[in-house]
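J.: Provided below for reference: sequence and predicted model.
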Amino acid sequence: APLALSLLNASASAFAADVAEALSQHPKRLSPKYFYDEAGSELFEQITRLPEYYPTRTELGILRSRGKDINAIIPKNAALIEFGAGATTKVRLLLDECDVGAYAPVDISGDFLQAQAAELRRDFPGLKVLPVNADFTAPFDLPADIRMMPKVGFFPGSTLGNFEPHEACAFLRSARAILGKDALMLIGIDLEKDEKLLHAAYNDAAGVTGKFNMNVLVRINRELGGDFDLSAFTHRAIYNKERHRIEMHLIARKPQTVHVLGRSFAFRAGESIHTESSYKYSIERFAALARGSGWEPKASWTDADKHFSVHALMA
Ligand code: AVJ
């Protein structure tokens, strides 16, 4: 049977185990890493262009306007290691402005990496492009060619905000161990702001974020043989002020029982699956988190409205 065959696939079984465990939690939850199948990645690219979703364009504006300041503090002929390299828009801004000798995008999706690497080699002939196919949340080996070069980590997009604070600290410690002493790290961090702006950014009028959120149920149905009735769930993003985080939820409209992998999960009307947290920091709270993980804040830049920030940390 196709389901049995697909479950033989190692990643499908990891997906299956994670989903079964997460839906058994109280409250029910799912890991945001499972949003990014092909449809989810495309929906996220659409989100970055939504008028309400300010983070991407604001961070690009900072990287563009502060490129010279960033170049002034990174070591010459640096090796740039990007954690979770998606689209290359942001790194191209750094490559245009900064003296970078090598670029090592680290991502779990190998084919996407290879395609992007080929384009970068074409556009930046002098640059060594060394893709690393790995899960950046766990230790990985840097390519031999860059081990003797000064290292600069790059983690844009406030993707660090998807981690619980203790996980963010653990990731920053791990990145420091991988990059080594004297390394620099450039990190994009979304800043706390007017709740109306935060709420709009995750509940866009066009409903793209809702489709992005629902897509994880589509993926569970397709890849794990689940029977989620998509019309029986609705997207909601709330700002949890005391936790400083946007929470994305899928709310059950009515009582129902869902079956996945031979297990059944009962939902009360109004019960939610917590599918993602996006933590929002202040400059000071992020600096404290960085220090707690062994990094020393060296500089930070924001846009004029202080909606978003880019931080330079020293190992
Ligand atoms: C890619 C994780 C930074 O948290 O803002 C966008 C993902 N979720 N809209 C974010 C997301 C809903 C985004 N990150």
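T.: Nice, I can see it.

J.: in the stretch 1-150 of the chain, what residue is nearest the ligand?
T.: Ile47 (4.9 Å; Cβ to the nearest ligand atom). From N, CA and C alone the C-beta is placed, and that goes for glycine too.

J.: so what's the residue in the stretch 151-300 of the chain that the ligand sits nearest to up against?
T.: Nearest residue of the stretch 151-300 of the chain to the ligand, counting by Cβ to the nearest ligand atom: Ser278, 3.4 Å away. Neighbouring residues of Ser278 by Cβ atoms under 8 Å, 6 or more residues apart in numbering: Ser158, Gly161, Asn162, Asp190, Tyr202, Arg245, Ile246, Met248.

J.: Would you confirm that Asn221 contacts Asn215?
T.: No: using Cβ atoms under 8 Å, Asn221 makes no contact with Asn215, being 10.5 Å away.

J.: more neighbours, the two?
T.: Neighbours were counted for Asn221 and for Asn215 using other Cβ atoms under 10 Å; Asn215 has more, 22 against 16.

J.: Leaving out chain neighbours, which residue sits closest to that one?
T.: Nearest in space to Asn215, with sequence neighbours left out and distances taken as Cβ to Cβ, 6 or more residues apart in numbering, is Gly40 at 4.8 Å.

J.: residue contacts, the one you found?
T.: Phe212, Asn215, Val216, Arg219 are the contacts of Gly40 under Cβ under 8 Å, 6+ apart.

J.: Mind pulling the model confidence for the second one?
T.: What it means is Asn215. The model reports Asn215 with a pLDDT of 98.

J.: Let me see the contact set for it.
T.: Contacts of Asn215 by Cβ under 8 Å, 6+ apart are Phe35, Asp37, Ala39, Gly40, Leu43.

J.: Show me what from the chain comes close to the ligand.
T.: Residues of the chain lying close to the ligand by Cβ under 6 Å from any ligand atom are Ile47, Pro55, Gly157, Ser158, Thr159, Gly161, Asn162, Tyr202, Thr209, Glu276, Ser278.

J.: Just the residues you listed: which are in strands?
T.: Counted as lying in strands by DSSP state E, out of the residues of the chain next to the ligand, are Glu276, Ser278.

J.: Give the buried residues for the one helix or strand Ala288 maps to.
T.: Ala288 is part of helix 283-292 when elements are defined by DSSP states H and E. The neighbour-count criterion (16 or more other Cβ atoms under 10 Å) identifies Ile283, Arg285, Phe286, Ala287, Leu289, Ala290 as the buried residues of helix 283-292.

J.: Adding pLDDT as columns, could you present the residues you listed in a markdown table?
T.: Below are the buried residues of helix 283-292 laid out as a markdown table (pLDDT from 0 to 100):
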| residue | pLDDT |
| --- | --- |
| Ile283 | 97 |
| Arg285 | 97 |
| Phe286 | 98 |
| Ala287 | 98 |
| Leu289 | 98 |
| Ala290 | 98 |
